[in-house]
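Trainee: Provided below are the primary sequence and the corresponding predicted coordinates.
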Amino acid sequence: MTYNLIAMTSITYAQKAKRVLNAQKIYCEVQKTPSGYFSGCGYSIRVKDDISRVLSVLRINNIKYKDAVSGYVR
């Protein structure tokens, strides 16, 4: 199954993103960032929903993220 992966700036922002997205009925999981994808804090959120919708929710709620990639296969 393919997912969208969003690299977070910290574990705190990853946890906050999960709470905010779940409140919006967007299912997501916090996970360690797979090697070779992003550099940084080491945590990402994995979502199935439309990446532009998810990033919009994060921006509206002032949740910082580093980068995003579509088509991540777990």
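Mentor: Happy to help now that I have it. Numbers count the residues shown, from 1 in each chain.
Trainee: When you work out contacts or count neighbours from here on, use the C-alpha atoms and nothing else.
Mentor: OK.
Trainee: Now for the chain, the helix or strand with the poorest mean pLDDT.
Mentor: Among the helices and strands of the chain, strand 65-73 carries the lowest confidence by mean pLDDT, DSSP states H and E, at a mean of 86.
Trainee: what are the pairing partners of it, and which direction each?
Mentor: Strand pairing for strand 65-73, determined by DSSP bridges: strand 2-8 (antiparallel).
Trainee: Mind checking the pLDDT average for the strand it pairs with?
Mentor: Averaged over strand 2-8, pLDDT sits at 91.
Trainee: Can you list the neighbours in contact with it?
Mentor: 14, 33, 38, 41-49, 51, 64-74 (Cα atoms under 8 Å, 6 or more residues apart in numbering).
Trainee: List the buried residues of it.
Mentor: Neighbour-count burial for strand 2-8 flags 3-8 (criterion: 16 or more other Cα atoms under 10 Å).
Trainee: before we move on, what about stretch 19-38?
Mentor: Those would be 21, 26, 28-30, 33, 38, for stretch 19-38 by 16+ other Cα under 10 Å.
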